[in-house]
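Student: Fold the stuff below for me.
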Amino acid sequence: MFASIFTRIPLKWFGRIHDGTIDSLHTFSHMFLKQFVVNKVKPSKLADLFVIRQQETEPLRDYLNRFCNNIVKINPPNEEMFVDAFVKGLRANPFSESLLRERVKFMTEVCRRATTHIEAEEVMKGKRAKERRPRNKYNNSIREGKFKPEEERNAFQKEE
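Tutor: Numbering: from 1, shown residues only. Sure, this is the predicted structure:
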């Protein structure tokens, strides 16, 4: 009955179903939809991780989060391959270099080291920003050698 309404690919699919497999319209519709739904979500594969790359302006924190969101979709988990894919996708920088020098086997270790690196980068960024701040005229004069210690004390006392 159903075979008469199918064309090409659905007909081939229907012809491969073993006798006695379909016991109700519900079973048939479930099997049909499972086979031919266009928008079904493909299961993630381990190979998919190897195409994830850290973008040029993407911070390490964002890349790490994006990568970790993808590894939870992979079944069965393979820690060594996760680490390899993560390192392969990193931009060349001191952190990626450190992972190549001291190999790790587990993503938990990569995450721990990345977090330490991210925190250190943020501290250094703050330090560099402080060093770039303009100084007041007395600090500049001291650095340039225009003020002598005695003049400096007198200058600060006058302002107070």
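
Student: CA atoms for contacts and neighbours, from now on please.
Tutor: Noted.

Student: per-residue pLDDT, the residue nearest to the spatial centre of the chain?
Tutor: Residue closest to the average C-alpha location in the chain (C-alpha atoms, centre = their mean): Tyr63, at 2.5 Å. Tyr63 is assigned 95 on the pLDDT scale.

Student: Count the neighbours of the residue nearest to it when sequence neighbours are not counted for me.
Tutor: Of all residues not flanking Tyr63 in the chain, Gln54 sits nearest, at 5.6 Å (C-alpha to C-alpha, 6 or more residues apart in numbering). Gln54: 21 surrounding residues under other C-alpha atoms under 10 Å.

Student: which phi and psi does Gln54 have?
Tutor: For Gln54, the backbone dihedrals are phi -80, psi 120 (criterion: degrees, to the nearest 10).

Student: can you count the residues close to Leu49?
Tutor: Neighbours of Leu49 under the rule other C-alpha under 10 Å: 22.

Student: Then Asn65?
Tutor: By the measure other C-alpha under 10 Å, the count of residues near Asn65 is 11.

Student: and whichever strand or helix holds it, what does it pack onto?
Tutor: Using DSSP states H and E, Asn65 maps to helix 60-71. Packed against helix 60-71 by the contact rule (3 or more C-alpha pairs under 8 Å, 6 or more residues apart in numbering; DSSP states H and E) you find helix 46-49, helix 107-132.

Student: what's the most buried one of those?
Tutor: Highest mean neighbour count among the helices and strands packed on helix 60-71 (mean count of other C-alpha atoms under 10 Å): helix 46-49, with a mean of 16.

Student: And the contacts of that one?
Tutor: For helix 46-49, the surrounding residues in contact (C-alpha atoms under 8 Å, 6 or more residues apart in numbering) are 67, 70-71, 74, 81-82, 85-86.

Student: Same list, those, but as CSV with pLDDT please.
Tutor: CSV is the format used below for the contacts of helix 46-49 (pLDDT from 0 to 100):
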residue, pLDDT
Phe67, 94
Asn70, 92
Ile71, 92
Ile74, 89
Met81, 94
Phe82, 95
Ala85, 95
Phe86, 95
